[in-house]
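>>> Sequence and predicted model, in that order:
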Amino acid sequence: MTSVEALVTCLRSERQRKYKSGIYYLTQTEFAYNSNHIEGSKLTRRHTESLFTTRTLVADAGDIIRSDDVTETVNHFRAFDRLLDTLDEPLTETIIKTFHRILKTNTSDADLPYFRVGRLLLFRECLRHGIVPFIIDAEHRDFYYRGLYYYDREPGYLRDICLSAQDHYTAACQKLVPGFSA
């Protein structure tokens, strides 16, 4: 079994067992927090973790929580689960539209004709093709967008950002996934 196959097996197993201390928990909370934060969410990591573990949100005094931020975070959890459910299927327009629909259900921009599902698709396709996936963190948002913007002129910039993020995810997998090796 390859390391990526071990990762997929672990993600699916921990999801089924509702295990809250492993790679599934880390992936769900970090992926949702960072992707939504890149898109402008004001939820904290603590808020995201609370939504994932208890489906509740405890805000500090003075916190202003947008309903779309909560909905999109919960929807991201659902979209990631759908990602795991479709790993054996080739990427299709239907899958892309399904991710969009899941992410935007019950949000103020649910009727937009498109949504940025690229990071979910990248994660999914990495797994499908035996490549260790990655999560772009919110702290590298500007570098990530710069890499996308200048990709035609300097493709190495985006690649380096993705490889750095992959190194971080690999380190987490080495700690949390039995049978995972770099």
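Arrived safely.
>>> buried set for the longest helix seen in the chain?
Taking DSSP state H as the criterion, the chain has its longest helix at helix 155-176. When burial is assessed from 16 or more other C-beta atoms under 10 Å, helix 155-176 yields the following buried residues: 157, 158, 161, 162, 165, 166, 169, 170, 172, 173, 176. Quick note: C-beta positions are derived from backbone N, CA and C, even for glycine.
>>> Verify the contact between the fifth one and residue 134 for me.
Yes - in this structure, residue 165 is within contact of residue 134 by C-beta atoms under 8 Å, at 3.8 Å.
>>> tell me, how many neighbours does residue 181 end up with?
Per other C-beta atoms under 10 Å, the neighbour tally for residue 181 reads 10.
>>> before we move on, the earlier item: contacting residues around the longest helix of the chain?
3, 7, 10, 22-23, 26, 122, 132-137, 140, 143-144, 146-148, 150-151, 180-182 (C-beta atoms under 8 Å, 6 or more residues apart in numbering).
>>> Give me the mean pLDDT for it.
The pLDDT scores in helix 155-176 average 96.
>>> list the contacts for the residue nearest the centre of the chain?
Central residue of the chain (C-alpha atoms, centre = their mean): residue 31, 3.2 Å from the mean position. Contacts here follow C-beta under 8 Å, 6+ apart; on that basis residue 31 touches 76, 80, 119, 123, 135.
>>> Which of those has the largest number of neighbours?
If you rank the contacts of residue 31 by neighbour count (other C-beta under 10 Å), residue 76 sits at the top with 27 neighbours.
>>> I'd say that residue and residue 34 touch.
No - between residue 76 and residue 34 there is no contact under C-beta under 8 Å: 10.0 Å.
>>> just for the chain, where's the confidence low?
114-115 (pLDDT under 70).
>>> Where do the helices of it begin and end?
Remark: helices assigned in the chain by DSSP H are 3-17, 23-38, 45-54, 67-85, 93-104, 118-128, 141-149, 155-176.
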